[in-house]
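J.: Output the structure for:
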Amino acid sequence: MMALYNQSPRQPVAGAATGRFHYAWTVAVVTFAVLLISAGVRTAATVLINPLEAEFGWSRADISLAASVSILWFGLGAPLSGMLVDRFGPRRIMIGALALIASGLGGLLLLNTLWHLHFFWGIVVGIGTGAVTNVLGATVAHRWFRTNRGMILGLFSAAAAAGQLLFLPTMMGLTSAGGWRTAIGGTALVVAVLLIPVALFMRDRPEEKGLRPLGDDGSPEAARDPLDRPRQIPLLEALRTRDFWLLASSFFICGYTTNGLIGTHLLPHAIDHGFDGMLVASTVSMMGIMNIVGTLASGWLSDRVDNRWLLAMYYAFRAVAIALLPFVMDMRGLLIFAIIYGLDWVATVPPTINLTAMRFGKASVGTLFGWIFFSHMVGAAVAAYTGGVMRDMLGDYTLAFFSAALLGFIAAAFSVGITSARRMQAAQS
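T.: Numbers count the residues shown, from 1 in each chain. The predicted structure is shown next:
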């Protein structure tokens, strides 16, 4: 059971009181809200395409380019945000990111030329959403929680799926009722309002509230956090380690087998095989629901199971599911795939963050996981393109799915090859 209170047998840090609700939970709620809203904003691209085509007569390629630019900046924003979070703290980054997102959405309300779309959505919103990802969540979790970190990381990872589930139908409904400007304006207002609780309640470190991290009872044993390091590990030093490349390579494959291939090509694959598009969309919603369940469960497990073997299991499980996808020929089978695959979609995030922190220290999580996350987005971009190429060349996605399954098994092998927590601790002692 997760502790809600910081029960300290020793004298607490000045200003703290024993037995009261720990402020870490307030920080966690604020962080969850920011991650959820940011993920929800990213779904707007899907809603905007048809209305913008109808109003301005722009081509699908022109509009899609803005979405592509936004994805690029979103991917690049993660490592840059990681470095800035490590230096300036999560609170300032959240405020700056939300201000950018609100400004970008507000700029879209004045849209009348194509470059406005590329600038406000592609660049401004892309940078803003890229600054508040799981990289920021990892920093918050490792600064504020000594125990239950995996569960908190799972909660933050689930925020992305929850944001998409909540915002996509809401924005579609607002667009149908009042047009796309109503949907964008309403979203901009939500983002702007969120600035208030962030400014009032977000704090960078427990010490700012006179507290220790939740789970640190002040004992010498608790004070020796195994994730503490005497210094922050710079990127160039991490690049010379085998573990960094194993983490980055496996996460590249994670992006390849999720956002890139399944996220981009599942719907057209199903339509190619005669499935109804609306029914397929409903299975995607089910996938999102199971995504939340799987991510929360993964966070819980990552506090209790060797994270290397947990990752290996996830990648192998995903590989089997994708390998079977070409043989799914009815809605029942597709729904079963959505449930099974959805459980695994973001489950890799908590153990990957934990392994990064174990290997390089919690002070380096923001920067280094930011670059590992960037490798994920590169993998997604590669799969989105090569999946389409294979479909055009061969007439279906079978080779794309089989190749992704093979990569999934390779990622499982990479995960097992990461240095174990016991060996990491022995090397540091």
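J.: The stretch 101-250 of the chain: helices as residue ranges?
T.: For the stretch 101-250 of the chain, the helices defined by DSSP state H, counting those that start in this stretch cover 114-117, 126-131, 134-144, 149-178, 180-201, 220-223, 235-238, 242-255.
J.: any idea which of those helices is most buried?
T.: helix 134-144 (a mean of 28; mean count of other C-beta atoms under 10 Å). Any C-beta I mention is one placed from the backbone N, CA and C, and that applies to glycine too.
J.: any idea of the angle that one forms with helix 149-178?
T.: 140 degrees (axes from the mean of the first three to the mean of the last three C-alpha atoms, to 10 degrees).
J.: and helix 134-144, what other elements does it pack with?
T.: helix 24-42, helix 60-88, helix 90-108, helix 149-178, helix 349-360, helix 365-394 (3 or more C-beta pairs under 8 Å, 6 or more residues apart in numbering; DSSP states H and E).
J.: Between those helices, which one is closest to M290.
T.: Ranking these by their distance to M290 (criterion: C-beta to C-beta) puts helix 149-178 first, at 8.9 Å.
J.: orientation of the closest one relative to helix 349-360 in degrees?
T.: Using the same axes, to 10 degrees: helix 149-178 against helix 349-360 is 140 degrees.
J.: before we move on, back to that, select from the helices of the stretch 101-250 of the chain the stretch with the lowest mean pLDDT.
T.: Note on the helices of the stretch 101-250 of the chain: helix 220-223 shows the lowest mean pLDDT, a mean of 54.
J.: still on that earlier bit, how about the helices of the stretch 101-250 of the chain in CSV, adding distance to V284?
T.: Below are these laid out as CSV (distance: least, C-beta to C-beta, whole Å):
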stretch, distance to V284
helix 114-117, 25
helix 126-131, 20
helix 134-144, 21
helix 149-178, 9
helix 180-201, 20
helix 220-223, 44
helix 235-238, 36
helix 242-255, 18
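J.: Please identify which of the ones you listed is closest to A28.
T.: helix 149-178 (6.1 Å).
J.: who does that closest one touch, helix- and strand-wise?
T.: Looks like helix 149-178 contacts helix 24-42, helix 44-56, helix 134-144, helix 180-201, helix 277-302, helix 349-360 (3+ C-beta pairs under 8 Å, 6+ apart).
J.: Kindly reformat those helices as TSV containing distance to D216.
T.: Shown next, in TSV, are the helices and strands packed on helix 149-178 (distance: least, C-beta to C-beta, whole Å):
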stretch	distance to D216
helix 24-42	10
helix 44-56	40
helix 134-144	10
helix 180-201	21
helix 277-302	19
helix 349-360	16
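J.: who touches G107 in this structure?
T.: H116, F119, F120, V124 (C-beta atoms under 8 Å, 6 or more residues apart in numbering).
J.: Who wins on neighbours among those?
T.: F120 (23 neighbours; other C-beta atoms under 10 Å).
J.: That one contacts L108, correct?
T.: Yes - using C-beta atoms under 8 Å, F120 is in contact with L108, at 5.1 Å.
J.: tell me, what's touching the two both at once?
T.: With C-beta under 8 Å, 6+ apart, F120 and L108 have no common neighbours.
J.: Below-threshold pLDDT in the chain: ranges please.
T.: Residue ranges of the chain with pLDDT under 70: 1-19, 46, 60-61, 64, 68, 217-231, 277-278, 281, 424-429.
J.: Outline the domain layout of it.
T.: 24-205, 233-418 (automatic domain parsing).
J.: what about the helices and strands packed on helix 149-178, which gets the closest to L84?
T.: Judging the helices and strands packed on helix 149-178 by C-beta to C-beta, what sits closest to L84 is helix 134-144, at 9.5 Å.
J.: Other residues contacting that closest one?
T.: Residues contacting helix 134-144 (C-beta under 8 Å, 6+ apart): 24, 27-28, 31, 34-35, 78-79, 81-82, 85-86, 90, 93-94, 149, 152-153, 156-157, 159-160, 204-206, 213-214, 227, 349, 353, 356-357, 362, 365-366, 369-370, 373.
J.: Need the buried ones from these selected in ChimeraX.
T.: Buried members of the contacts of helix 134-144 can be picked out in ChimeraX with the line below, counting by 16 or more other C-beta atoms under 10 Å:
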select :24,27,28,31,34,35,78,79,81,82,85,86,90,93,94,149,152,153,156,157,159,160,204,206,213,214,227,349,353,356,357,362,365,366,369,370,373
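J.: rewinding a little: so for D392, which of the helices and strands packed on helix 149-178 sits nearest?
T.: When those are compared (using C-beta to C-beta), the closest one is helix 277-302, at 20.2 Å.
J.: D396: what's its closest spatial neighbour, skipping adjacent residues?
T.: D272 (6.5 Å; C-beta to C-beta, 6 or more residues apart in numbering).
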